[in-house]
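Engineer: Pasting a predicted model and its sequence here:
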Amino acid sequence: MTVAESKVTMGFEAEVKQLLHLMIHSLYSNKEIFLRELISNASDAADKLRFTALGNDALYEGDSELKIRIEYDKNARTLAITDNGIGMTRDEVRENIGTIARSGTRRFFESLTGDEAKDSQLIGQFGVGFYSAFIVADKVTLETRKAGLEAAQGVRWESSGEGDYTLETIEKPEHGTKITLNFREGEDEFLDGWKLRSIIRKFSDHISLPILMKKEAYGEEQPADEWETVNSASALWAKSKDDISEEQYNEFYKHVSHDFQEPLARLHSRVEGNNEYTLLLYIPSHAPFDMWDRDAKHGVKLYVRKVFIMEGSEKLMPRYLRFMRGVIDSDSLPLNVSREILQENALLEKIRSGAVKKVLGQLEDMAKNEPEKYQAFWKEFGQVIKEGPIEDFKNRDRIAKLLRFSSTHNDSEVQNVSLEDYIGRMKEGQDKIYYITAESYAAAKNSPHLEIFRRKGLEVLLLHDRVDDWLVSYLTDFEGKHLESVAKGDLDLGELADEEDKKHTEEAGKAFQPVIDKIKQTLGDKISDVKISARLTDSPACLVSETYGMSRTMERIMKSAGQNVPSSKPIFEINPDHPLVNRLKDEADESRFADLTHILYDQAMLSEGGQLEDAAAFVRRLNGLLQNVLH
């Protein structure tokens, strides 16, 4: 690279400018947070170097004692945070610092409420903590070099937090990163050694590598250039529970999750025996912004004897528990374990299995003893937990007990009905768990398929999450009770069926056979069959899927996701007791018969949330019939 190419000035993205404006002018009520964020980033950089150096000791460059140094200069009004971690290349600086090229950034701005206290909680959640430096600084300089590169490949990034930043190549003998903050007017409290030490002990005491500051000078005699460790510098998870305060637990959670809010619950456990390991896991109080990003690698970190190995792998925690945060530290895995070895490591599989059982046990306890807290958990993570029976067959029954649904028993969209609750309310003689899937709560609640169940007082689960159709295709029974869709196949109420209703349906089938044949001819290949309905009491018609076919809801979801799914032909069920259906029986005009038949079909399609192939034709037919009524 030539000298002319070495230094460039680049503009921030519009989103970064907006974020910096919020940082500087309104967002943080607790300014101390900036130091915690920068120290956490330095700690992460050290962890990454430890892992990378497992296969290449030379990356330490003779400096394997990883640490963080904090220096301040009252005269220059600066604060420097220096680490000897992994460092960054020029491209990595441009990607990670100069822009916020993250999928959740736009959602971050959409989440802003205008409430300063609430908005400040979002910063860590959306992974933009570095920019917190601009709360107190009117200029930030970052100097870094990736471990293993030559000294001449250092990088300096500098910005005043306005519209642009500079990026240049520099000579940097030491690997790692140094961030220098030039404080703005009125921020002198952060140029005090006692204040800085108190902030570090409050927020970063749990950091497992030493945070160093120069010893303070008291009196006339100045000490030598001597450094001292100002944090405990020991892994929090390795301590006894009795030696850890609630505040320390919460601060460690904020460190590993980059979240500013308190966790909902935690699990701290040590497993001993042939395969020894320690768990310190947390359930967040809110869903991480990247929970639906399948490429996201945040989550649980694996350590081997306090040395960071990897983060966010499905080898540590299954995808349906991807919201979990924390640490698993193994005493049994070899320290030089590689990612390839981890793929086949039986000990790691046992650790993962044990961790999952602990988490499920924690959730079971919460559901039983703290139902309100569990409801808060379910609101945030219920859709993810519903992936469990699909993904984890071994724990399917345990996960099934944790599931919550809406139902016709409660006139509320809140999902607070368990399968055990449902079974406890089943009618005498009922041997099935009935459910309906739909794309919204309103569509499920108002479905015509529920009419006979309402008349008989039978509870139906209202499944309206996108994952529900997949769930019931894997969770087909619970405690010996089959889960049955009320919108598929012939209605089977078993012992609850009324003999008079059966007889009425059979007689209507014979009486309406000419109408059924005519409807088949009119609708043609839109349907697979026409039947007299045993499930309708108020509506004239409904559409029913084949018993083992894909549900109409699933079909629409997959098509909206771009999947090439062949359209299935539904069964068209008619209610022989409805006036409109009886009108069909008596209608001699072929044109009006066809119009009314198509209107009933389209209404049935709309009632289940479907889209009409020809909405204009539906309107034209409906208007024609209305005009006939008016005349």
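Structural biologist: That came through fine.

Engineer: correct me, but Glu158 touches Leu142?
Structural biologist: Yes. Contact status for Glu158 versus Leu142: in contact at 7.3 Å, counting by CB atoms under 8 Å. C-beta coordinates here come from the backbone N, C-alpha and C atoms, glycine included.

Engineer: The two: who's more crowded?
Structural biologist: Leu142 (21 against 17; other CB atoms under 10 Å).

Engineer: show me the contacts for that one.
Structural biologist: Neighbour list for Leu142: Val93, Ile97, Val155, Arg156, Trp157, Glu158, Thr177, Lys178, Ile179, Thr180 [criterion: CB atoms under 8 Å, 6 or more residues apart in numbering].

Engineer: where's the dip in pLDDT among these?
Structural biologist: Within the set of the contacts of Leu142, pLDDT is lowest for Ile97 (73).

Engineer: so Ile170 touches Trp157, yeah?
Structural biologist: No. Checked against CB under 8 Å, the pair Ile170 and Trp157 is beyond contact range at 10.3 Å.

Engineer: Now for those two: what residues contact both?
Structural biologist: Contact criterion CB under 8 Å, 6+ apart; residues bridging Ile170 and Trp157 by contacting each: Glu143.

Engineer: which one of these two has more residues nearby?
Structural biologist: Higher neighbour count among Ile170 and Trp157: Trp157, with 23 against 15, using other CB under 10 Å.

Engineer: Quick check: what element follows the helix or strand hosting that one along the chain?
Structural biologist: Assessed by DSSP states H and E, Trp157 sits inside strand 154-159. Stepping forward along the backbone from strand 154-159, the first helix or strand reached (DSSP H and E) is strand 164-170.

Engineer: pLDDT on that next one, on average?
Structural biologist: What strand 164-170 shows for mean pLDDT is 92.

Engineer: what domains does the record give for the chain?
Structural biologist: Listed domain ranges for the chain are 3-232, 237-371, 499-546+560-630 (source: automatic domain parsing).

Engineer: ok, for the residue sitting nearest the centre point of the chain, nearest residue in space, not its chain neighbours?
Structural biologist: For the chain, the residue sitting closest to the mean C-alpha position, by CA atoms, centre = their mean, is Met291 at 2.4 Å. Closest residue to Met291 apart from its sequence neighbours, by CB to CB, 6 or more residues apart in numbering: Phe323 at 5.9 Å.

Engineer: Tell me the spacing between the one you found and Pro288.
Structural biologist: According to CB to CB, to the nearest Å, Phe323 and Pro288 sit 6 Å apart.

Engineer: Gly11 now?
Structural biologist: 30 Å.

Engineer: now Leu347
Structural biologist: Noted for Leu347: a distance of 28 Å to Pro288, by CB to CB.

Engineer: More neighbours: these two, which one.
Structural biologist: Pro288 (23 against 17).

Engineer: Which phi and psi values does the more buried one adopt?
Structural biologist: phi -60, psi 150 (degrees, to the nearest 10).

Engineer: wait, it sits on Met324?
Structural biologist: No. Using CB under 8 Å as the test, Pro288 is too far from Met324 to be in contact (10.1 Å).

Engineer: in what helix or strand does Ala442 lie?
Structural biologist: Using DSSP H and E, the element containing Ala442 is helix 441-445.

Engineer: Can you tell me what sits against that helix?
Structural biologist: With contacts defined as CB under 8 Å, 6+ apart, helix 441-445 is touched by Ser406, Thr408, Glu413, Ile436, Thr437, Ala438, Leu462, Leu463, His464, Glu608, Gly609.

Engineer: Not counting sequence-adjacent ones, nearest residue to Leu475?
Structural biologist: Pro389 (4.4 Å).

Engineer: That neighbour belongs to a helix, doesn't it?
Structural biologist: Yes. Pro389: assigned to a helix according to DSSP: H, G, I helix; E, B strand; the rest coil.

Engineer: Now for it: which residues touch it?
Structural biologist: By CB under 8 Å, 6+ apart, the contact list for Pro389 reads Arg396, Ile399, Ala400, Leu403, Leu471, Tyr474, Leu475.

Engineer: if I look at it, how far off is Phe377?
Structural biologist: Distance, Pro389 to Phe377, by CB to CB: 18 Å.

Engineer: Ala42 now?
Structural biologist: Distance, Ala42 to Phe377, using CB to CB: 32 Å.

Engineer: Mind checking which of these two has more residues around it?
Structural biologist: A count of neighbours by other CB under 10 Å puts Ala42 above the other of Ala42 and Phe377, at 28 against 23.

Engineer: Enumerate every residue touching the more buried one.
Structural biologist: Ile68, Ile81, Thr82, Asp83, Gly85, Thr177.

Engineer: Show only the entries of those found in strands.
Structural biologist: Among the contacts of Ala42, the members falling in strands (DSSP state E) are Ile68, Ile81, Thr82, Asp83, Thr177.

Engineer: Reformat those as a markdown table; add distance to Phe308 and neighbour count.
Structural biologist: Listed next are the ones in strands among the contacts of Ala42 as a markdown table, based on distance: CB to CB, whole Å; neighbours: other CB atoms under 10 Å:
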| residue | distance to Phe308 | neighbour count |
| --- | --- | --- |
| Ile68 | 15 | 28 |
| Ile81 | 19 | 22 |
| Thr82 | 20 | 19 |
| Asp83 | 14 | 28 |
| Thr177 | 17 | 26 |
